[in-house]
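> Whatever this is, show me its structure:
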Amino acid sequence: MKIIQKIILAALLLTLLVSCIGKEENVTPKEGNEYEDISQQEEVTEESEKANDIKHPELIDAGVTTVPNEQEKIRANSKRMEQAEVIRNIDGDTLKVRLTNGKEENVRFLLVDTPETKHPKLGVQPFGPEASAFTKRIAPTGKKITLELDVSEREKYGRLLAYVWVDGQLLNRMLIEQGLARVGYIYVPNTKYVDYLKEIQTKAQQEKRGIWSIEDYATDKGFKQEILK
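Below is the predicted model:
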């Protein structure tokens with residue numbers, strides 16, 4: 001009888017151990033870098049979008065400065081234009097579009113960097129949901145936009161690089177103006193509007209708008225993770 005009890009006890013302990021190991025395996029984070037899991041970012045459900053708590057709705061509803069003749073003023077003589085239709089909002093600085101030839105492309109905004117909302121490692125960063133919601137408001141699904149290419153058309157992950165024009169206004173500029181993006185990823189030769197955007201950023205910094213309202217959060221290398229702790 002004692003032998004049977006010992007066998008039953010050993011079996012129960014073994015079952016408990018296997019169960020614990022299985023739970024640990026299920027919570028192991030996936031490996032990846034900033035752009036490695038683009039496909040996963042696109043598959044985020046509507047429910048998970050709602051889970052991104054927007055803490056600063058006033059930024060989304062803030063009046064957007066309309067620059068008179070901005071399109072004609074700063075893109076003079078540019079011939080590298082592509083007409084497109086927005087088919088998905090991925091995050092603050094990335095869209096999925098359909099070009100006039102029917103081809104679908106992931107588009108990464110040139111010279112801007114918004115905080116993350118769907119990154120496999122970084123998670124949701126401060127002002128990330130606000131940036132994503134702002135872009136979705138200005139360039140919603142179905143919106144006709146114009147993509148202006150610089151010298152290099154793609155980055156190493158295959159995404160199209162572009163300045164995004166919506167109704168004659170530069171969305172890259174609007175994000176920086178609202179304090180929802182920093183001027184970043186400055187790589188020669190794609191620097192056509194870098195001085196213009198830095199000028200807009202300086203004003204946002206002085207007014208402590210959005211990302212600039214958190215001391216030492218936005219840097220020239222990105223967004224400090226220590227802020228999230």
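
> tally of neighbours for residue 135?
28 (other Cβ atoms under 10 Å). Where you see a C-beta, it was placed from the backbone N, CA and C, and this is true even at glycine.

> how near is the closest residue to it other than its chain neighbours to residue 199?
Leaving aside its sequence neighbours, residue 135 sits nearest to residue 92 (Cβ to Cβ, 6 or more residues apart in numbering; 5.2 Å). Computed as Cβ to Cβ, to the nearest Å, the residue 92 to residue 199 distance reads 21 Å.

> Give me the more crowded residue out of those two.
A count of neighbours by other Cβ under 10 Å puts residue 92 above the other of residue 92 and residue 199, at 26 against 13.

> my guess is the more buried one meets residue 118, correct?
No - here residue 92 does not reach residue 118: they are 10.5 Å apart, not a contact under Cβ atoms under 8 Å.

> would you say residue 132 is within a strand?
No - judged by DSSP: H, G, I helix; E, B strand; the rest coil, residue 132 forms no part of a strand; its state is helix.

> wait, doesn't it sit right on residue 125?
No - proximity of residue 132 to residue 125 does not meet the contact threshold set by Cβ under 8 Å, at 10.8 Å.

> which of these two has more neighbours?
residue 132 (27 against 21).

> average pLDDT for stretch 183-198?
Across stretch 183-198, the average pLDDT comes to 96.

> List the buried residues in that stretch.
183-185, 190, 192-193, 196-197 (16 or more other Cβ atoms under 10 Å).

> Any idea what the nearest residue to residue 165 once chain neighbours are set aside is bridged to?
Of all residues not flanking residue 165 in the chain, residue 146 sits nearest, at 4.1 Å (Cβ to Cβ, 6+ apart). In this entry, residue 146 is beta-bridged to residue 83, residue 165, by DSSP bridges.
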